[in-house]
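S.K.: how would this look folded up:
(one chain, ligands or ions: 2)
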Amino acid sequence: MAPYDSDSSAGEGDDFTETNVLLGYASRDPKDESISRLGGRPEWLDENTPPSAALARCHICKDLMVLLLQLDGELPDRFPGHERRLYVFSCRRKTCRRREGSIRALRSLRIAPGTAAAAASREKKRVEEQAAKSRAKEEKPAPKPPSNLGETLFGAQTIGSPSGSANPFSTGAAGSAFGSNPFSSGSNPFSTETKPEPKTTTAVPPTTAEKIESLPKTFAETLSLNNNQPAASPAPPPEPWPAAADQPPPYPASYLSEAEYETLDPVSPPTVPQTARMDVDAAEPGKGGGGGKEDREVFESSMDAAFQRFADRLAQNPEQAIRYEFSGQPLLYSKTDAVGKLLAPAATGANNNSGGITIASVANGGTPGMPRCGGCGGARAFEVQMAPRAIAELEADEMSLEGMDWGTVIVGVCERDCQARGVEEGQVGYVEEWAGVQWEELTGGGKRR
Ligand SMILES: [Zn+2]
Ligand SMILES: [Zn+2]
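M.R.: Numbering: from 1, shown residues only. Ligands and ions are numbered 1, 2, ... in the order given. Coordinates of the predicted model:
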């Protein structure tokens, strides 16, 4: 379990100062970061295997979109052998703003050859060990199933490090078992394995490749055959990308070269007005009054409370451009817009009036309320969200006063990190993921940021 529920409604008043949310900070100086960044042009895992340009077209105007975020999403503890990268695109046209489909997310994946067989090998070994233990009538608890391994990729690091000390993004973390993070490339023990041509000098801990060698041939071959089955239904032919000169101009690149776990000031008093809190409490079932005017007031005050909580949380680390926590909880800008209504009931644990969708999602893991993976039909989990600070970075060179007007972009991804249909191990595939955009609320007081 995470030591801190990133939804502060569950953690307020506790002593925690550090959360499991990794904050990314943008800088024009790339330092050691070559992949994770805001803006610029997308760089693919394999430059010869771009996604279909159709996946980067605005659903409204059909124009090609530009990159908001490119993120190195490798999680070797959770998804060993998976080279992952996330992309968030946005349409540049003002007429497309505030419309669904003008911001889209893509997950790119290359699974190292032998990964599925190695996973099966681990599972086989686990089952054998379990059987051996039960034969010996040992009373020790069985090892956790693989699905739980790496659950606390970041959390484990958080526990061991005093608040504000070691920066998990520094190269010093490379030797640590938990040293991998989605912003830093090439610092994980699987990196050599996931490259087509393995380096010769790097010392590599026992890897999937070595485990494959110890695997009985027939078993591996059987799995390999099973794994190739999706190839029978190839994807439609990809649409080529226009030349760079014919694409809309990209935003300037700023690199997510620094990051740290979010720390919250435990001594600062709650800044949400008490009146707003009381109104939210009144909105819980059985406590509300029921009059039309009261309902409206409750609605407005809970909207304010959600935004206030968002603003207060960001204000503690105002430079954060992105918030990252695989399977964590997104910080909602609003609980009353379309995305807020989708995710808020689960995030708060209250006001659950969205019916069976939430319950079904809970039963399968993932982040409740998020639409299921379009690739495999499995649950989706929150992975990253963009904070308003990212807009300032992306629009640093823009002369126009009318900038982007989202409050946050929430990205939900396949919890199982499935590969696109028909893409074999060793090949690069692309799966569209869920981008939940919470647009800036336009109130009487103007823009709120
Ligand atoms: Zn558009
Ligand atoms: Zn999937």
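S.K.: and residue 383, how many neighbours does it have?
M.R.: Neighbour count for residue 383, taken as other CB atoms under 10 Å: 28. Heads up, the C-betas are built off the backbone N, CA and C, glycines and all.
S.K.: quick one: the closest residue in space to it that isn't next to it in sequence and residue 366, what's the gap?
M.R.: Spatial nearest neighbour of residue 383, excluding adjacent residues (CB to CB, 6 or more residues apart in numbering): residue 413 at 4.8 Å. Applying CB to CB, to the nearest Å, the value for residue 413 to residue 366 is 9 Å.
S.K.: Equivalent analysis for residue 91, please.
M.R.: Counting by CB to CB, the separation of residue 91 from residue 366 is 28 Å.
S.K.: for residue 134, same thing?
M.R.: Residue 134 is 31 Å from residue 366, by CB to CB.
S.K.: Over to residue 77?
M.R.: Distance, residue 77 to residue 366, by CB to CB: 18 Å.
S.K.: Show me which of the two is the more surrounded one.
M.R.: Set side by side, residue 77 and residue 366 show more neighbours around residue 366, with 23 against 19, by other CB under 10 Å.
S.K.: so residue 257 sits in a helix?
M.R.: No - secondary structure of residue 257 (DSSP: H, G, I helix; E, B strand; the rest coil): strand, not part of a helix.
S.K.: For it, grab the count of nearby residues.
M.R.: Residues contacting residue 257 under the criterion other CB under 10 Å number 21.
S.K.: pretty sure it is touching residue 35, no?
M.R.: No - judged on CB atoms under 8 Å, residue 257 makes no contact with residue 35 at a distance of 10.5 Å.
S.K.: Strands of the stretch 301-449 of the chain, residue ranges please.
M.R.: 320-324, 380-386, 406-414, 428-439, 442-443, 446-447 (DSSP state E, counting those that start in this stretch).
S.K.: quick one, the second one and strand 428-439 angle?
M.R.: Strand 380-386 runs at 70 degrees relative to strand 428-439, counting by axes from the mean of the first three to the mean of the last three CA atoms, to 10 degrees.
S.K.: remind me which residues of this protein are low pLDDT?
M.R.: Scanning the chain for pLDDT under 70 picks out 1-16, 137-236, 267-303, 345-364, 443-449.
S.K.: Which positions in it make contact with ligand 2?
M.R.: Applying CB under 5 Å from the ion, we find that the chain lies next to ligand 2 at 373, 375, 376, 378, 414, 418.
S.K.: got the phi/psi numbers for residue 25?
M.R.: For residue 25, the backbone dihedrals are phi -110, psi 140 (criterion: degrees, to the nearest 10).
S.K.: where along the protein do the helices fall?
M.R.: Here the chain has its helices, by DSSP state H, at 115-135, 155-160, 191-194, 208-213, 217-227, 274-282, 292-315, 338-348, 356-363, 389-394.
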